[in-house]
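Asks: here you go, sequence then predicted model.
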Amino acid sequence: MDPRHVFISCSLFHMLALGMICTGAYVPFMLKLGLELADIQRINIVFFLTIFFLEIPTGALADGKSRRWSVTAGYLAWMFGMACYSQAQGFWSACLAESINGIGVAFVSGAFDAWLRDSLNKRHQPDEYLPTKMYAQGAASLGMIIGGTIGNLISAHDPRLAWICASGIMLITTLIARFGMDNSGEVHVNLRITPTEAVRQSVQALRSNPHLRWIALASMTYGLVLPFNHYWAPFFEARWSASRLDIIWLIMQGSLGIVAVTSRLGWWKNVPKLPAIAISLMACGASLALTGNANGILGPLFWTMIHEMARGLYKPQLDDALHLAVKSEWRATAGSLQSTIQTLGWAGILLGVSWGMAGKKATDTVIGNSWIISGSLLTISGLFLYLTRPRLAMQPNT
């Protein structure tokens, strides 16, 4: 299969599964289990710490053994994690399920992007990487819309059933990866190095390359959007109603889709990557703060659309910048190292949010205030990154 089609198809079905549980079967489900907002943050800390400890070993294993094997194992872990969530009874069982999902992220993260990049390089199509990432993001948005709409209806009846359905969809994703991925995205047999050497070269590159250090700082900073990820459902439920969360979900994911559709115009080809990343972060932060500060329902919806569009611009540009600066033989390991640094920063942000939310009820005022704080910090951080970005042009290092 064409590597672009494999990547886009997996993005579609993976996000279809996540969409099934992101509306009514995640935060609202946990609140019904008797957990508080701070508990949900602690569960997510477990998720990110699991990724933190496994990212580099799994990335090095993908480079040294097989990226296809790594991606397949990761999707299988997601399948089992979602099945475990369907049986969760409280804090500890939710932590177990979340940690299994974290294992899945660790195996897929780095490996799939590295496979796609090298597959396209071997087909002499390196310029197809960024548009493929954007199209995959559009497919993911479509999956989120469909999954979120169906998942909200199922969750209204039984949230546990939504988790079971999501697990079944992850099985389909696993099969696509297993039989769709070929060896074109693997490290060439003559270039293959040991996992230890892959880690050593990735760390050395991070130390010596200012672009990689800047990218790592940007990815850590992006964690300030997490309060929106976790609290959008109770916020809009309080402002509107639980039965209309699927409409909110459609607006959010449709905004991401706009970025993917307009990317066909080719506007991204001549955009400097690092300034685009920093400006996207500033837009993410400002729109998040304005969402939290807006009254009623129309104001928050408008700024949510802007927020989601800015997020859609950020991630593909960041990934493209990363892969321009690393080599094929340790590409997955370098991606995993970046993700490890990102996860460490995100876990720290979640600890701060957990501390700030401790003992507070999930009201729209409390959630809105958390968005104002995190959005303002993200805007300031984006400005700092823009002013301190490396001025030397990035050169492809394939």
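Replies: That came through fine. Just so it is clear, the structure is predicted and the values come from calculations on it, not from any experiment.

Asks: okay, CA-based contacts and neighbour counts for the rest of this
Replies: Noted.

Asks: over to the residue positioned nearest the centre of the chain: give its phi and psi.
Replies: Centroid-nearest residue in the chain, with C-alpha atoms, centre = their mean: Lys315, separated by 8.3 Å. Recorded main-chain torsions at Lys315 are phi -60, psi -50, according to degrees, to the nearest 10.

Asks: distance of it from Asp182?
Replies: 25 Å (C-alpha to C-alpha, to the nearest Å).

Asks: and what of Met134?
Replies: Distance of Met134 to Asp182, computed by C-alpha to C-alpha: 22 Å.

Asks: more neighbours, these two?
Replies: Using other C-alpha atoms under 10 Å as the criterion, Met134 and Asp182 rank with Met134 on top: 25 against 17.

Asks: pretty sure the more buried one sits against Thr262.
Replies: No. The criterion here is C-alpha atoms under 8 Å, and Met134 misses it with Thr262 at 9.5 Å.

Asks: so for those two, which residues contact both of them?
Replies: With C-alpha atoms under 8 Å, 6 or more residues apart in numbering applied, the contact sets of Met134 and Thr262 do not overlap.

Asks: could you give the mean pLDDT of stretch 312-321?
Replies: If you average the pLDDT over stretch 312-321, you get 87.

Asks: give me the below-cutoff pLDDT ranges for this protein.
Replies: Applying pLDDT under 70 to the chain flags residues 23-24, 242-243, 263-270, 393-398.

Asks: which strand or helix spans Trp115?
Replies: Using DSSP states H and E, Trp115 sits within helix 111-122.

Asks: distance between stretch 152-160 and the chain's centre?
Replies: 24 Å (C-alpha atoms, centre = their mean, to the nearest Å).

Asks: for that stretch, which positions count as buried?
Replies: Using 16 or more other C-alpha atoms under 10 Å as the test for burial, stretch 152-160 gives Asn152, Leu153, Ile154, Ser155, Asp158, Pro159, Arg160.

Asks: tell me where the stretch 101-250 of the chain has strands.
Replies: Using DSSP state E, counting those that start in this stretch, no strands are found in the stretch 101-250 of the chain.

Asks: the helices in it, which residues?
Replies: Ranges of helices in the stretch 101-250 of the chain, per DSSP state H, counting those that start in this stretch, are 111-122, 129-157, 159-180, 195-208, 210-221, 226-239, 245-262.

Asks: so which bits of the fourth one are buried?
Replies: For helix 195-208, burial by neighbour count (16+ other C-alpha under 10 Å) applies to Pro195, Glu197, Ala198, Val199, Gln201, Ser202, Ala205, Leu206.

Asks: gap between the fourth one and Ala205?
Replies: Spelled out, it's Val199. For Val199, the distance to Ala205 equals 10 Å [C-alpha to C-alpha].
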